[in-house]
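[1] here's a sequence, model it:
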Amino acid sequence: QIVRSPYEDKVMRELADDLSAALRSLRGRLMDEEVRRQYFESLLNKVDTAVLVTDKAGHIEWMNQAAVTHLGQISQLPEALLRASAINDIPIIRIEQNSTVLEMAISCTKFVTQGKEQQIISLKNIHSVLERNEMEAWQKLIRVLTHEIMNSITPIISLADTLNERSQEHPDDARTHTYIQQ
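    Numbers count the residues shown, from 1 in each chain. Below is the predicted model:
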């Protein structure tokens, strides 16, 4: 439905029509931006990496579902996260949350938007990866120790086999029995 301008003056009518077109265009852009924002928010809520947006002081402005799952509904970064994001030098942090220890890889990106300093923090729970690596390290250690023990036992087994063969070759030889007993 087209709305006619209430103005009789041609210039005013054209100005009103141009203003109406500009408003329609602006509404369309705002709608597109909102759809895009909802799309990216939905996408970020599907990943298993916790993503948080904070201000300079660590006040949380937005967090995805994985962050809520790991950290709960919080409004301020935990102290360990705040320190890690400030120095941006600690790749792995331990956070104790609800009597559970979380080992998380952290990544921070600082940026300025509309004159406001913010940071995006991503946290990946790596506890299972660390456990798997620890298990693999133990398995390697056990293999090495088993190999070294077998290397030490091999000469003893060889000597025992030789003595056994000699004792079977000369069952009545007293000298062979004396060597075996020593």
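[2] going by C-alpha atoms from here, please, whenever you check contacts or count neighbours.
    Will do.
[3] show me where the chain has helices.
    Secondary structure of the chain (DSSP state H): helices located at 10-46, 65-71, 79-87, 127-169, 174-181.
[4] quick one: average pLDDT of the fourth one?
    When pLDDT is averaged over helix 127-169, the result is 84.
[5] in TSV: the helices of the chain, plus distance to Arg94.
    Output for the helices of the chain, formatted as TSV (distance: least, C-alpha to C-alpha, whole Å):
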stretch	distance to Arg94
helix 10-46	23
helix 65-71	12
helix 79-87	8
helix 127-169	10
helix 174-181	60
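[6] Leu52: which of the ones you listed is closest?
    Nearest of those to Leu52, taken as C-alpha to C-alpha: helix 65-71 at 6.9 Å.
[7] average pLDDT for that closest one?
    Summarised as a single mean, pLDDT over helix 65-71 is 86.
[8] burial check on Ile142, number of neighbours?
    Neighbour count for Ile142, taken as other C-alpha atoms under 10 Å: 12.
[9] what does Ala66 give?
    Number of residues near Ala66 (other C-alpha under 10 Å) recorded here: 21.
[10] hmm, Leu52 and it touching each other?
    No. Using C-alpha atoms under 8 Å as the test, Ala66 is too far from Leu52 to be in contact (9.6 Å).
[11] coming back round to it: can you tell me which of the helices of the chain is packed in deepest?
    Compared across the helices of the chain, helix 65-71 shows the largest average neighbour count, a mean of 18 (mean count of other C-alpha atoms under 10 Å).
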